[in-house]
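K.L.:
Kindly generate the corresponding structure for this input.
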Amino acid sequence: MSDEWKYKELPRASGKIAPAQWNPETGEWEVFTGLAKVQDVDVKTELESIKQTQSQILAKLNDTIDTRLTGSIVEQVERRKRVILRERIIRDTSISFSNLSVPSGATGAIFILDIHGVTGTFDSGEGISVAIRFENWYGGTLTTDTTNKRTLQYAIFYPNAYRGDYEKYISDGDMKISQLPLVSRLSYAIPITGTFGAGEGFDCTVMVEWLF
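P.N.:
Modelled structure (predicted):
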C-alpha cells in the first residue's frame, strides 16, 4: 500500500469527522459501515489459511490426546539405565537374596529374568522365579510366578503403576507390579527348584533397568 492514505481527508458526517475505512480500490477514505470491502479472492485466501491452521491445531491436539491415553509410564521416563546383575550361564541352584543399592535419582525399576532355555526334570510347582524385597521400612517381597518354561519374567516398581502401562511393551512372560515408590536399598533372589543332571538347568540372565 502507498502512503497516499496519509494525505487524504477523512469523511465527515453531521459536520464531524466520521469513523472511516480506507478503500484501496478508489484510493479514498469512506465512512465506516462495519464491513470492510475486500475482494472475494482475499476472503478465500484467508479462509483457506484459517482452515489449514485449524487442521494443524487439531492434529496437534490429537497427538497430545493419544499420548495421554495410550502413552505409559515407560514412555514418560526421561532416562533408563540397564544393568546386568547376573551374566548368562546355566544355573541349577538358587541365588540367595543379594543387596542392591538404588542409584540416586531413580524413580522406578524393572527387574528382568530372561530365561533363554531350560533342561531338567520338574515336579508340579518347581522351576525358577525372581523375588525382590524392600530392605527399608516397607518390607514385603514381590515374587513372580514359578515357571519351568523358556520365557521372560518382570518385577516392576513404579509409583502408581498399573498393568496397562506395560502391556504394549511386555507381550510375553510373567509380570508383577508394585505401586510403591523405590526405597534406597533392595535385595533380589532367584529361587530354583527341580532335578538337574550334569550341564542341565536354567540358561538365564538377570538384569535391572533403572528408570529416571
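K.L.:
List the contacts of the closest residue to residue 197 other than its chain neighbours.
P.N.:
Leaving aside its sequence neighbours, residue 197 sits nearest to residue 120 (Cβ to Cβ, 6 or more residues apart in numbering; 7.4 Å). Bear in mind the C-beta positions are built from the backbone N, C-alpha and C, glycine included. Contact analysis of residue 120 by Cβ atoms under 8 Å, 6 or more residues apart in numbering lists 92, 148, 194, 195, 196, 197, 200, 201, 202.
K.L.:
What about these, which one has the most neighbours?
P.N.:
The most crowded member of the contacts of residue 120, judged by other Cβ atoms under 10 Å, is residue 202 (24 neighbours).
K.L.:
That residue and residue 152: what is the separation?
P.N.:
Per Cβ to Cβ, to the nearest Å, residue 202 is found 13 Å from residue 152.
K.L.:
How about residue 81?
P.N.:
Counting by Cβ to Cβ - residue 81 and residue 152 are separated by 19 Å.
K.L.:
Looking at those two, which is more packed in?
P.N.:
residue 152 (18 against 13).
K.L.:
who does the more buried one bridge with?
P.N.:
residue 114 (DSSP bridges).
K.L.:
my guess is it meets residue 173, correct?
P.N.:
Yes: Residue 152 lies in contact with residue 173 (Cβ atoms under 8 Å); the separation is 3.4 Å.
K.L.:
sorry, back to before: tabulate the contacts of residue 120 (CSV), appending pLDDT and distance to residue 179.
P.N.:
As requested, those are exported to CSV (pLDDT from 0 to 100; distance: Cβ to Cβ, whole Å):
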residue, pLDDT, distance to residue 179
92, 98, 34
148, 97, 29
194, 98, 32
195, 98, 37
196, 98, 36
197, 96, 42
200, 98, 38
201, 98, 34
202, 98, 29
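K.L.:
So which of those residues is the closest to residue 112?
P.N.:
residue 202 (14.1 Å; Cβ to Cβ).
K.L.:
quick one: contacts for that closest one?
P.N.:
Neighbours of residue 202 in contact, by Cβ under 8 Å, 6+ apart: 90, 91, 92, 115, 117, 118, 120, 128, 192.
K.L.:
what's the distance between it and residue 148?
P.N.:
Distance from residue 202 to residue 148, by Cβ to Cβ: 8 Å.
K.L.:
Pull up the overlap in contacts between those two.
P.N.:
118, 120, 128.
K.L.:
Report how many residues lie close to the last one.
P.N.:
The criterion is other Cβ under 10 Å. On that basis, residue 128 has 26 neighbouring residues.
K.L.:
can you pull up the bridge partners for it?
P.N.:
In beta-bridge terms (that is, DSSP bridges), residue 128 pairs with residue 147, residue 192.
K.L.:
wait, doesn't it sit right on residue 115?
P.N.:
Yes: counting by Cβ under 8 Å, residue 115 is a contact partner of residue 128 at 6.7 Å.
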